[in-house]
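*Asks:* Requesting a structural model of the entry that follows:
(one chain, ligands or ions: 1)
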Amino acid sequence: MRALLDLLLPPHCPGCGLEGPVLCDRCSQPLRRRLHEPPGAPLGLPVALPHGLVQLEWCATYNGPVRHALHAFKYRGERRLSEPLAEALAARWRQAGRGGDLVTWVPVHPSRRRERGFDQAEELARRMARLLERPVHACLQRRQRTVAQHGLGEADRADNIADAFVVAANVAGLVAGRWIVVVDDIVTTGATLSGCADALLRAGALAVSAVAVARDR
Ligand SMILES: [Zn+2]
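*Replies:* Predicted structure coming up:
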């Protein structure tokens, strides 16, 4: 199917427009730039670990070709990009990740999933887990559509997110006692990941780490 799709609709690199590769070699370089950096935040960056997480890793800064690639993946439905993006996640986690015995993801709203036809973080998480040969499972659900974040103060904003996720009763047994790795496409303040971590810890998770393709700051 993939070969047929490539034949009929050849991909164009979202970074530079080159026809052929889903993301060309030059434009995928930023995804590997942090690969050999030690775990955690680079020196000089004011990034506190978001509440609830024991580790947060990411592959690249959210700009340039990485930004274009994530945009094409999420909003233009170019799902073939999940391959290089998940490879970058797996490579970074293999290099810097500590522990973690179950992979999950930050779920999009069900309504957005219906519009888009897929959940971008789920695709990344499933593919990353396959590459790392770790189990993957849908652990988190969005509880309700969060109130628009803008217009809220920082504390209210954190509360708004913290209440947004829940671990479904039928997977609580799976989460209890596990060290969970939460995958997302972009991390900004980390409040969303903290909301996920809170829900997982409430359900009895041992610890929660996170890895994202890009960090926006
Ligand atoms: Zn390119």
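
*Asks:* Tell me the bridge partners for the one residue sitting closest to the centre of the chain.
*Replies:* Per C-alpha atoms, centre = their mean, the C-alpha nearest to the average position across the chain is that of residue 184, at 1.4 Å. Bridge pairing for residue 184 (DSSP bridges) gives the partners residue 212.

*Asks:* And what about residue 166, helix, strand or coil?
*Replies:* Using DSSP: H, G, I helix; E, B strand; the rest coil, the structure places residue 166 in strand.

*Asks:* Looking at it now. What's its pLDDT?
*Replies:* pLDDT, residue 166: 94.

*Asks:* re the thing from before, which ones are touching the residue nearest to the centre of the chain?
*Replies:* 105, 106, 121, 192, 193, 210, 212, 213 (C-beta atoms under 8 Å, 6 or more residues apart in numbering). (Glycine included, C-beta is placed from N, CA and C.)

*Asks:* what separates it from the ion, distance-wise?
*Replies:* Residue 184 is 24 Å from the ion, where distance means C-beta to the ion, to the nearest Å.

*Asks:* With residue 213 as the reference, measure out to that residue.
*Replies:* Distance, residue 184 to residue 213, using C-beta to C-beta, to the nearest Å: 8 Å.

*Asks:* cool, residue 199 as well?
*Replies:* Distance, residue 199 to residue 213, by C-beta to C-beta: 22 Å.

*Asks:* Those two: which has the busier surroundings?
*Replies:* A count of neighbours by other C-beta atoms under 10 Å puts residue 213 above the other of residue 199 and residue 213, at 29 against 23.

*Asks:* pretty sure the more buried one contacts residue 128?
*Replies:* No - proximity of residue 213 to residue 128 does not meet the contact threshold set by C-beta atoms under 8 Å, at 9.8 Å.

*Asks:* what's the overlap in contacts for these two?
*Replies:* residue 89.

*Asks:* what sits against residue 56?
*Replies:* Residue 56 neighbours (C-beta under 8 Å, 6+ apart): 40, 47, 49, 50, 187, 190, 193, 209, 210, 211, 212.
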